[in-house]
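S.K.: Predicted structure and sequence below. I'll ask about it afterward.
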Number of protein chains: 2
Amino acid sequence: MAETKIKKKRAYHHGDLRGQLLSAAGNLLEEHGPDGFSMSDACRLAGVSTAAPYRHFANKQDLLLEVAKDGLQRLGAQMEENASKHDRGTVRSISAIGRAYVDFAIREPHTFRLMFSTRSHSGRIEELREVGRASYGVLLREVARYLGEPDITETVTRASFPLWTQVHGLSFLAIDGKLEVTSFPVDIDESILIATERLLPPAATAKA
Amino acid sequence: MAETKIKKKRAYHHGDLRGQLLSAAGNLLEEHGPDGFSMSDACRLAGVSTAAPYRHFANKQDLLLEVAKDGLQRLGAQMEENASKHDRGTVRSISAIGRAYVDFAIREPHTFRLMFSTRSHSGRIEELREVGRASYGVLLREVARYLGEPDITETVTRASFPLWTQVHGLSFLAIDGKLEVTSFPVDIDESILIATERLLPPAATAKA
DNA sequence: CTAACTATGTTATTGTTGCTAACATATGTT
DNA sequence: AACATATGTTAGCAACAATAACATAGTTAG
């Protein structure tokens, strides 16, 4: 009875529809891919009419933009956490950041693609870029420590970019099933570690 | 009059609808992105009814699969041509292959994404992989020459994979506008050249 | 306390799309 | 010339994104 009452109280106004739609969108995106994902499905999953989302999001793109933003934020947090498990400013801590990157891609490939696809988030791309920059900052700071630079100097950005490039490429190859076509088993950790060592310039303070 | 007659002759049966649809699809894909691309638009562009394409392609995915296959083929050809402009089996010829890769991505970003997205080409993915393997072979053979290996040995595939990873990552970063967010101008040629030098193991026959 | 306001939900509707079915017309084979 | 096949058309369906008009809940002012 009490339950029914609560249910009825929450029957019309939903409580946290925005949050539930975001969560539903994330799940559906990963489950069925960007083409298989529909607003209608998200509504069904949230138990709400197909017009409801438009009180919270301008359109489909807008909803997916939020999913992407959330993904970028979680990626940054994971990178930071991974780095913190090693001595800071070392090849290992930098590699750990790369590992977080690739792991995220493998765990949520469709979200990952969305996070980096310029397409369709027209208008509010700058928001996405902002979150992206923040997450990229985790790598930049780590490389700065490694190089003994006091700040994010151009030396730091120049050294970081090839590393980003490498893990970005590895991520895409991984989620597109190209790690199984190579006639040898690709060890992700080893790949990142070796590439980091080779691509990084020697550190000022040589703490390997 | 003769023209009218010809026109009438070609009014119903189209001549090369399949080819024109592929070409229209490629253009529309690049112009409006994968979401903006519709069968209907392709039909309008080819001057044909919306049911016509289904005599030539099972569905939209199937059409796009062919676009992707064509892209992979052209990529392979371009890689080969770029390599042929340098001494074979050198860092320069290998870098030139990478340059062809990134150039293709920049020139046809949406086709490029399609070429490597496992999504949606369900069923006939293996065809795509086959063409992909053929194009990848261009790099493998070049690295084999560089290493002085007589064949595509595991040494060759192990050495090639990081190179692929790097240019693949660079391509995606480029088409997603990440080369302008780096606080320094990224020189693509230089990036590829340096990365190739650093990632490649030393050659048996040291012809730099 | 209640009236007005705002936020957030609903149903009904529209235009577009991918695709199929039923039908029409060319082309090629015998 | 008759038939089979390939390739086009029109008509129509169901799914979808989005909007409009309406309904209800929560919030605030008097």
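M.R.: Here it is on my side, so go on. Values in this document were obtained by computation on a predicted structure and should not be read as measured data.

S.K.: From now on I want contacts and neighbour counts done on CA atoms only, so please keep to that.
M.R.: Fine.

S.K.: Relative to DNA strand D, how far out is A:Asn59?
M.R.: 4 Å (Cα to the nearest atom of the strand, to the nearest Å).

S.K.: Give me the distance between the residue of chain A found nearest chain B and DNA strand D.
M.R.: Nearest residue of chain A to chain B: A:Gly169, at 3.4 Å (Cα to the nearest Cα). Using Cα to the nearest atom of the strand, we find A:Gly169 at a distance of 29 Å from DNA strand D.

S.K.: go on, A:Gly26?
M.R.: For A:Gly26, the distance to DNA strand D - Cα to the nearest atom of the strand - is 13 Å.

S.K.: Let's see the pLDDT reported for that residue.
M.R.: Listed pLDDT for A:Gly26 reads 98.

S.K.: The one 3 residues further on too?
M.R.: A:Leu29 is assigned a predicted lDDT (pLDDT) of 97.

S.K.: ok, for it, nearest residue in space, not its chain neighbours?
M.R.: A:Phe37 (5.5 Å; Cα to Cα, 6 or more residues apart in numbering or on different chains).

S.K.: what about the one you found, neighbour count?
M.R.: 18 (other Cα atoms under 10 Å in any protein chain shown).

S.K.: got it, and the one 4 residues further on?
M.R.: Taking other Cα under 10 Å as the criterion, the count of residues near A:Asp41 is 15.

S.K.: what's it sitting at in phi/psi?
M.R.: phi -60, psi -50 (degrees, to the nearest 10).

S.K.: tell me the secondary structure for A:Trp164?
M.R.: Assigned by DSSP: H, G, I helix; E, B strand; the rest coil, the conformation of A:Trp164 is helix.

S.K.: Please compute how far the helix or strand hosting the residue of chain A closest to chain B lies from its chain's middle.
M.R.: A:Gly169 is located in helix A:154-175, with elements delineated by DSSP states H and E. With Cα atoms, centre = their mean, to the nearest Å as the basis, helix A:154-175 stands 14 Å off its chain's centre.

S.K.: before we move on, what about stretch A:167-180?
M.R.: Centroid displacement of stretch A:167-180 relative to its chain, using Cα atoms, centre = their mean, is 15 Å.

S.K.: can you check stretch A:125-136 too?
M.R.: 11 Å.

S.K.: Ok, stretch A:115-122 next?
M.R.: 13 Å.

S.K.: Point out where chain A drops to low pLDDT.
M.R.: Within chain A, the segments meeting pLDDT under 70 span A:1-14, A:119-120, A:204-208.

S.K.: Spell out, range by range, the helices that occur in it.
M.R.: Ranges of helices within chain A are A:2-9, A:17-36, A:39-46, A:60-83, A:91-107, A:109-116, A:125-147, A:154-175, A:188-199, based on DSSP state H.
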